[in-house]
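Trainee: for reference, the sequence and a predicted model appear below.
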Amino acid sequence: MTTPQDARQDGSRTELEELIRAAVLNLTANQSMKARHNRFLDLFSTATGNHACALLRYQDGALVPVATRGLSPQVMGRNFRPEEHPRLTRIIESRQPVRFAANDPRPDPYDGLALGDDSARLPVHACMGCALWNESTLFGVLTADAWQSGMFDGVDDSVLQVFAAIATVALRYETYINTLETLAEHRGQVAAELVSEALERSHPILGDSASMQALNREIELVARSDLTVLLMGETGVGKEVLTRVIHSRSPRADQPLVYVNCAALPEALAESELFGHVRGAFTGAGQDRAGKFQRGRGGSPVSPGLPDRGRHRPRSAADPASGAEAIRAPRSVAGRGGGVDARLGAPRRFFPARRSVGSRLGPGRPGTAAPLLCSTHLCR
């Protein structure tokens, strides 16, 4: 026969299990890390009945608060060095939860920092904490305080250990994410420096003749614009090098320079390669794939050989040599769905070509390369 006391115990156990389940699910919640930490402390406070709690990260020999509850906002701006706080030292030294007697003479690290309490020292109260260890690595400390002694007598050590384990996973995950972001940022900076250095070393603008000065002015003019660029010249004169120089001098220098050799693309693959496709668009299209122009949004797609594909026409777009018509070809044509317009990403487009395409540029367009390193034409 179930007694009222047994029923109350079963109810408390069920409530505790729900709190622990919520704390675990909180690890993958679609929220900021700060919101997750605050939510975790709310659940931890409900489970233990504490009036103040804190989650601290161990960093560079100090404990740095990442979230608090029931404590003054001033706590978030402080670093707690364990050697200056005996209670924190005691918690770190133990792999098990630590409880402090109400009359423990060691000062509380939060003396004078309790929310709504300006006294220099907390009165007699209940205090406990647990170090957040992962094997031999210390990630931080979880602490809890209650303003009446004996408040934690009914809280089993296993409860504190479970919440400490969840907190350890959260801090470990955050540490790895921060490390990866820092590493990615560092590698990005290194790559940018290497690219910039390589571009400087391969600077093709040599000489101060009238022709070279005119070319330099054209480069500066084009670099500042968002117009499509047609570079014409024989093989080996430096069309692709000049493309990189223009890109490096433009506001898009920190964006991708996407390269695709259209002259080497089979006609059947050209449209998919340039504009992408969606899953099921044709046999073998097992998943969505972004085209080169879509990948170059905000950057500069480079399409050498595109104006030289004289007899090839994409099935659902105008002749690429006509410039903007092919570039603006939507993926939604031919029943593909998921329309995309390269104008939305405003990519600058480069078309290096080996021969004259004047007859295909329309009236008023230059049709032959000028006797410079390369001739630069703007296609509107």
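Mentor: Great, that's in hand.

Trainee: check the gap between residue 52 and residue 75 for me.
Mentor: 9 Å (Cβ to Cβ, to the nearest Å). (Glycine included, C-beta is placed from N, CA and C.)

Trainee: what is in contact with these two at once?
Mentor: Here residue 52 and residue 75 share the contacting residues 68, 110, scored by Cβ atoms under 8 Å, 6 or more residues apart in numbering.

Trainee: which one's more surrounded, the two?
Mentor: Per other Cβ atoms under 10 Å, whichever of residue 52 and residue 75 has more neighbours is residue 52, with 26 against 20.

Trainee: quick check: that one touching residue 111?
Mentor: No - with contacts counted by Cβ atoms under 8 Å, residue 52 stays clear of residue 111, the gap being 11.7 Å.

Trainee: buried sites along the one helix or strand residue 214 maps to?
Mentor: Element membership of residue 214, judged by DSSP states H and E, is helix 210-223. Neighbour-count burial for helix 210-223, counted by 16 or more other Cβ atoms under 10 Å, picks out 215, 218-219, 222-223.

Trainee: show me what the helix or strand following that helix packs onto, helices and strands only.
Mentor: The helix or strand immediately downstream of helix 210-223 is strand 228-232, counting by DSSP H and E. Taking 3 or more Cβ pairs under 8 Å, 6 or more residues apart in numbering; DSSP states H and E as contact, the helices and strands that strand 228-232 lies on are helix 239-249, strand 350-353, strand 375-379.

Trainee: specify the angle between the first one and strand 228-232 in degrees.
Mentor: With axes from the mean of the first three to the mean of the last three Cα atoms, to 10 degrees applied, the angle from helix 239-249 to strand 228-232 works out at 150 degrees.

Trainee: now for helix 239-249, which elements pack on it?
Mentor: Using 3+ Cβ pairs under 8 Å, 6+ apart, helix 239-249 is in contact with helix 157-201, helix 210-223, strand 228-232, strand 257-259, strand 300-302, strand 350-353.

Trainee: okay, the angle between that helix and helix 210-223?
Mentor: For helix 239-249 against helix 210-223, the angle by the same axes, to 10 degrees is 50 degrees.

Trainee: in helix 239-249, which residues are buried?
Mentor: Neighbour count says helix 239-249 has 239, 241-248 buried, by 16+ other Cβ under 10 Å.

Trainee: so residue 133: helix, strand or coil?
Mentor: strand (DSSP: H, G, I helix; E, B strand; the rest coil).

Trainee: look up how far residue 144 lies from it.
Mentor: 18 Å.

Trainee: again, but for residue 48
Mentor: Distance from residue 48 to residue 144, counting by Cβ to Cβ: 5 Å.

Trainee: again with residue 65
Mentor: For residue 65, the distance to residue 144 equals 14 Å [Cβ to Cβ].

Trainee: residue 53 now?
Mentor: Taken as Cβ to Cβ, the span from residue 53 to residue 144 is 5 Å.

Trainee: before we move on, the earlier item: can you put the buried residues of helix 210-223 in JSON lines and add distance to residue 95?
Mentor: Converted to JSON lines, these look like this (distance: Cβ to Cβ, whole Å):
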{"residue": "215", "distance to residue 95": "71"}
{"residue": "218", "distance to residue 95": "70"}
{"residue": "219", "distance to residue 95": "66"}
{"residue": "222", "distance to residue 95": "66"}
{"residue": "223", "distance to residue 95": "61"}
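
Trainee: mind putting those residues into TSV with pLDDT and distance to residue 139?
Mentor: Putting the buried residues of helix 210-223 into TSV (pLDDT from 0 to 100; distance: Cβ to Cβ, whole Å) gives the following:
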residue	pLDDT	distance to residue 139
215	83	59
218	86	58
219	86	53
222	86	53
223	85	49
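
Trainee: ok, so of those, who is nearest residue 58?
Mentor: Taking Cβ to Cβ as the measure, residue 58 sits nearest to residue 223 out of the buried residues of helix 210-223, at 49.3 Å.

Trainee: what backbone torsions are found at residue 98?
Mentor: phi -120, psi 130 (degrees, to the nearest 10).

Trainee: contacting residues around it?
Mentor: Counted by Cβ under 8 Å, 6+ apart, residue 98 has contacts 90-91, 128-130.

Trainee: the helices and strands packed on strand 228-232: lowest mean pLDDT?
Mentor: Mean pLDDT is lowest for strand 375-379 out of these, coming in at a mean of 38.

Trainee: residue ranges with poor pLDDT in the stretch 251-380 of the chain?
Mentor: 286, 293-380 (pLDDT under 70).

Trainee: what about 50?
Mentor: For the stretch 251-380 of the chain, residues meeting the criterion pLDDT under 50 lie at 307, 310-345, 356-380.

Trainee: hang on, the earlier thing: the more surrounded of residue 48 and residue 144?
Mentor: More crowded of residue 48 and residue 144, by other Cβ under 10 Å: residue 144, with 29 against 21.
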